[in-house]
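**Q** Got a predicted model here, sequence first, then my questions.
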Amino acid sequence: MSTSTAPSPLTWTLRLKHHKTTVLLHCDPLQTFQSIKTALLAALNETNPDGTLNNRVLPSSPHEIILGRPVDLNNPEEGFLLGEWEKARGGLDAGESEGAGKGKGKRKSIAGEGMGAKDCLKGAGLRDGAVLAFKWRGKDEEDEGDEDVEVRLGEKEENWDVIIPAYEDAYGVENTGDVGGRKEFVG
């Protein structure tokens, strides 16, 4: 299995952010998040031969990487949320609950299986040029397990280490960077 997608007019560019680091990945719109995490880890290992990023040891497996989406595309200061596609790690499908495994065509999702259409970029409602934050579990966080990820789903994450650059830093002009949203036209 190839971990990278060759750029073409049909591929999307993802901006994956951690602290001041931005990794650009060319992805197919129907590529699964697990394969994106695999490509991200391969890119991080290739560009950081010492095995660390921002003084944190890189994960050994793509399963340890967690992706989040912006709370508001037009206001990057609001932070990031845990992506709904991460819910597949908890073992339940998007429209199912604990008791919804009965009946024709219904079954419980097994942890590690995808969420169907929502397990890809297009199905999750992302677009070309989307910004996602990434982090990974540290040694202190590994003991919490996948249950902790499911409980926090949809809640604001305060510990996403993402710094959005501002033009003021370089040019003295007050204007913050973006996370992929476009301002609405009023006119």
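**A** Now that the structure is in, tell me what you want to look at.
**Q** In the chain, where's the longest helix?
**A** helix 33-47 (DSSP state H).
**Q** how much space is there between residue 42 and residue 75?
**A** 32 Å (CB to CB, to the nearest Å). Bear in mind the C-beta positions are built from the backbone N, C-alpha and C, glycine included.
**Q** whoops, residue 33 was the one
**A** From residue 33 to residue 75 the distance is 24 Å (CB to CB).
**Q** Please identify which of the two sits among more neighbours.
**A** Higher neighbour count among residue 33 and residue 75: residue 33, with 27 against 13, using other CB atoms under 10 Å.
**Q** Once you drop chain neighbours, what's closest to the more buried one?
**A** residue 85 (4.9 Å; CB to CB, 6 or more residues apart in numbering).
**Q** tell me the contacts of the one you found?
**A** 33, 67, 115, 118, 119, 124 (CB atoms under 8 Å, 6 or more residues apart in numbering).
**Q** Closest one of those residues to residue 55?
**A** residue 67 (21.2 Å; CB to CB).
**Q** The closest one touches residue 131, doesn't it?
**A** No - contact criterion CB atoms under 8 Å: residue 67 and residue 131 do not qualify, at 10.7 Å.
**Q** So for these two, which residue has more residues nearby?
**A** residue 131 (23 against 20).
**Q** Go ahead and confirm that one touches residue 179.
**A** Yes - under the criterion of CB under 8 Å, residue 131 makes contact with residue 179 at 4.1 Å.
**Q** who touches residue 45 in this structure?
**A** 51, 58.
**Q** for residue 37, same thing?
**A** 62, 63, 65, 67.
**Q** Same check on residue 128?
**A** 12, 13, 29.
**Q** thinking again about what came up before, shared neighbours of residue 131 and residue 179, which are they?
**A** residue 70.
**Q** And the contacts of stretch 58-68?
**A** 16, 33-34, 36-38, 40-41, 44-45, 48, 51-52, 80-83, 85-86, 132-137, 149, 157, 160.
**Q** Now the buried members of the residues you listed.
**A** In these, burial by neighbour count holds for 16, 33-34, 36-38, 40-41, 44, 80-83, 85-86, 132-137, 149, 160, counting by 16 or more other CB atoms under 10 Å.
**Q** pLDDT weak spots in the chain?
**A** 1-4, 87-117, 138-158, 167-169, 173-178, 180-187 (pLDDT under 70).
**Q** show me where it has strands.
**A** 12-18, 21-27, 52-53, 56-57, 65-70, 80-82, 131-136, 156-157 (DSSP state E).
**Q** quick one: which of these is nearest residue 5?
**A** Nearest of these to residue 5, taken as CB to CB: strand 21-27 at 5.1 Å.
**Q** hmm, back to that, any shared contact partners between residue 67 and residue 131?
**A** By CB under 8 Å, 6+ apart, the residues touching both residue 67 and residue 131 are residue 16.
**Q** Nothing else from me, thank you.
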